[in-house]
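> here's my sequence, what's the structure:
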Amino acid sequence: MIRKILFLFALSFVLFSCGDDNDDRTVLNYDGNNIDAPALFAGDYTAIVRFPASDLSNLVDGQLEEVDFWIADIPSTLTLQVFGEGDGNSPGSLLHSENIILRTEANDWNNISLNTPVNITGEELWVGFEFRLDDFARVIGCDAGPAIENGDLMNDESGNWTTLRNYSNGEVDINWNIRAYVRP
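Okay, the predicted model is just below:
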């Protein structure tokens with residue numbers, strides 16, 4: 001009987017001590033639950049979120065390892081991009097670029113592990129997706145809003161950096177479903 005109790009104790013210890021290896025990660029995001037994806041005309045776009053240096057100061061020496069995002073329709077092209085410190089209105093140097101079109105599922109959350117993690121240096125990071133639409137479509141998902149500063153940035157088909165709020169003349173007030181995971 002004591003052996004059975006010891007066995008059950010040991011088994012429960014093993015089962016309950018096996019936790020998620022990702023518990024020590026920090027998630028950087030502005031969004032809530034996905035509700036939709038804004039419709040955009042044919043063209044080239046970048047949907048991106050900006051994490052200021054102040055949000056990253058306690059993560060210096062960590063690494064951006066994964067990005068989660070919700071996507072509705074699969075565009076013609078889709079590239080995960082991470083940029084460094086910019087001028088406040090546009091991102092700086094491209095730190096990471098990865099074609100992910102073949103690793104993406106429509107109408108679902110997607111998780112991308114970066115081929116090469118990006119080091120957190122204390123400077124701001126811009127994390128997002130460049131994509132091409134051949135037709136009118138819904139691509140990167142969004143929450144119900146309201147938009148939080150840095151949560152709805154985009155580069156539109158004419159190459160201008162703006163917010164989706166400005167691009168839509170105030171009609172769309174959301175945050176992109178983009179989440180960056182940093183391991184210390």
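
> for the protein, what spans make up the helices?
2-17, 53-56, 164-167 (DSSP state H).

> and the ones you listed, which one averages the lowest pLDDT?
The minimum mean pLDDT among those belongs to helix 2-17 (a mean of 42).

> any idea how far residue 130 is from residue 57?
Using C-beta to C-beta, to the nearest Å, residue 130 is found at 28 Å from residue 57. Quick note: C-beta positions are derived from backbone N, CA and C, even for glycine.

> er, residue 24 actually
In this view, residue 24 and residue 57 are 18 Å apart by C-beta to C-beta.

> same thing with residue 88?
According to C-beta to C-beta, residue 88 and residue 57 sit 17 Å apart.

> and residue 167, by the same measure?
Distance of residue 167 to residue 57, given as C-beta to C-beta: 30 Å.

> comparing residue 130 and residue 57, which residue is more hemmed in?
More neighbours surround residue 130 than the other of residue 130 and residue 57, with 18 against 10 (other C-beta atoms under 10 Å).

> residues contacting that one?
By C-beta atoms under 8 Å, 6 or more residues apart in numbering, the contact list for residue 130 reads 44, 45, 46, 77, 78, 79, 81, 155.

> would you mind naming the residues that bridge with the last one?
Spelled out, it's residue 155. For residue 155, the beta-bridge assignment (DSSP bridges) gives partners residue 46, residue 161.

> verify the stated contact: it with residue 43.
No - with contact defined as C-beta atoms under 8 Å, residue 155 does not reach residue 43; the gap is 10.3 Å.

> okay, the two: which has more neighbours?
residue 155 (19 against 13).

> can you select the buried ones from the contacts of residue 130 in ChimeraX?
Only the buried members of those enter the following ChimeraX selection, criterion being 16 or more other C-beta atoms under 10 Å:
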select :44,45,46,78,79,81,155
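
> would you turn the contacts of residue 130 into a markdown table with pLDDT and distance to residue 136?
Converted to a markdown table, those look like this (pLDDT from 0 to 100; distance: C-beta to C-beta, whole Å):
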| residue | pLDDT | distance to residue 136 |
| --- | --- | --- |
| 44 | 96 | 14 |
| 45 | 97 | 12 |
| 46 | 97 | 18 |
| 77 | 98 | 16 |
| 78 | 98 | 17 |
| 79 | 98 | 21 |
| 81 | 98 | 23 |
| 155 | 95 | 18 |
